[in-house]
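Asker: Fold the following and give me the result.
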Amino acid sequence: MFPDKVVTEPLIFKFLVLMITVVCTWGAFALFRQSSRNRARLFVATSLLIWAVPYLLRVIRNLFGLPFEGYGPPLYPPMCFAVLYFNLVLLPYPVELIRPGWLTWRRGFFLAIPALITLTVYCIYVAIHGAPEDYGSFEHLYAKRYSFGVWYRFVILGVTGLYLLATFLLALAQEDRYKRWCELNYADGAESHGIAWLYAYVAGMFIMTGIFIWSLHSPGALPALLHAVAVLIFFCFVICRALRYDSPFPEGFFEQSSKADIEDAMDDDAIVDTLSPRIPEYTALIAQWFDDEQPYLDRNFKLTDTARILPLNRSYLSKIYNEGFGKSFSELVRDRRMEEARRLLIEAPELSISEIAEKCGFSSHSSFHRSFAAMHGGETPGEYRTKNT
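Answerer: Modelled structure (predicted):
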């Protein structure tokens, strides 16, 4: 077995392995507790548990004082498969986050086919010819590059790269649809449910994979240590974001609706004409509600909250806003919030700009500042207050 002698595993590496185990396990259970009707959190929690298993086994090995036999030969096939399958389990989360319900068992099976074929071919080769030879150095391995046992390792890593690319492309392909949904249902649009961090998630996958492949190319303490640090930082980041991130889709929407209904809602298809005669009545009811209760000042106010006074589905409600007010839901709410903000800027000088932004339902001071300047020809809230007081 490679290597020939037992070596001492660095203490800091043992500590990082323990930290990764604790973080992944705690994060998984915390997300499972919040995963009711939220498949995205369920997916990321499952990924955390899967990643925690090998690190937990290392912790057990350290606790029982079992020997550490080094970092293995270059491009050790089982480790090549490890990087493939551990990346595969990270793929569902970003897809589910911006396109809930899209990843069915059938689609998941088709996504896994390249990995399954890669593993099957390798197993058939091992069954016929035995396990490929382990090479003591990358130079020795490169000299045998034309043998199946060597070049197929690069095939495994190539499939891994394809999955990383697929994760990015699937998220990119659904981004416009996700933003459109947010624009139709939230006053701040996609800003209050931004997914820029999702690309940081994909970038983290690339970084972890890159360092891990480096450790496969040049087995040793440094790349293994850097990979452990990258994994720890990545999962701390993912857990924090996943716990804080609120789905823009109504709770239970994908459980209570049929697949066809979900597709129609996401695509905002045309609504039947039977609603049209009652649009003026419904418009007046919403306008009165806005004047009396000012629900739009709640920063979490969304289109489906209108169902409190009009028990209709979101597609009907969207049509009422568009045709009844001549504005989309988000445009009307922004106008109402801005109207209240202008009033407070003049009548409440004791309030700071940030306090006014919060009272008027904007997601942040910067969001308020951008919206105000865009609607007032570049004039900032502070300049508006100075000019009018």
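
Asker: Please count neighbours and contacts with C-alpha atoms only from this point.
Answerer: OK.

Asker: now the closest residue to R314 other than its chain neighbours: how far from A224?
Answerer: For R314, the nearest residue in space outside its immediate sequence neighbours is T304; the separation is 5.7 Å by C-alpha to C-alpha, 6 or more residues apart in numbering. In this structure, T304 and A224 are separated by 49 Å, where distance is defined by C-alpha to C-alpha, to the nearest Å.

Asker: Tell me where the model's unsure across the stretch 51-200 of the chain.
Answerer: Across the stretch 51-200 of the chain, residues meeting the criterion (pLDDT under 70) sit at 67-72, 136-137, 188-194.

Asker: Show me the helices in it, by range?
Answerer: For the stretch 51-200 of the chain, the helices defined by DSSP state H, counting those that start in this stretch cover 77-88, 92-98, 105-129, 138-143, 148-185, 196-217.

Asker: give me every residue that touches the residue nearest the centre of the chain.
Answerer: Centrality entry for the chain: nearest residue to the mean C-alpha point is P94, 4.0 Å, by C-alpha atoms, centre = their mean. Listed by C-alpha atoms under 8 Å, 6 or more residues apart in numbering, the contact set of P94 reads 40, 167, 171, 198.

Asker: Using JSON lines, lay out those together with distance to L351 and neighbour count.
Answerer: As requested, the contacts of P94 are arranged in JSON lines below (distance: C-alpha to C-alpha, whole Å; neighbours: other C-alpha atoms under 10 Å):
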{"residue": "A40", "distance to L351": "39", "neighbour count": "23"}
{"residue": "T167", "distance to L351": "45", "neighbour count": "23"}
{"residue": "A171", "distance to L351": "41", "neighbour count": "23"}
{"residue": "L198", "distance to L351": "35", "neighbour count": "20"}
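
Asker: Between which two of these is the distance greatest?
Answerer: By the measure C-alpha to C-alpha, A40 and T167 form the most distant pair in the contacts of P94, at 14.5 Å.

Asker: how about P311, secondary structure?
Answerer: When the structure is split into helix, strand and coil by DSSP: H, G, I helix; E, B strand; the rest coil, P311 lands in coil.

Asker: ugh, typo on my part, it should be E379
Answerer: Remark: E379 carries the secondary structure label coil [criterion: three-state DSSP].

Asker: Tell me which residues touch the closest residue to it other than its chain neighbours, please.
Answerer: Using C-alpha to C-alpha, 6+ apart and skipping residues adjacent in sequence, the residue nearest E379 is A373, 5.0 Å away. If you count contacts by C-alpha under 8 Å, 6+ apart, A373 has them with 379-381.

Asker: Pick out whichever of these sits closest to G204.
Answerer: Within the contacts of A373, distances to G204 taken as C-alpha to C-alpha reach their minimum at T380, with 36.8 Å.

Asker: Y296 versus that closest one, what's the distance?
Answerer: Looking at T380 against Y296, where the rule is C-alpha to C-alpha, the gap reads 22 Å.
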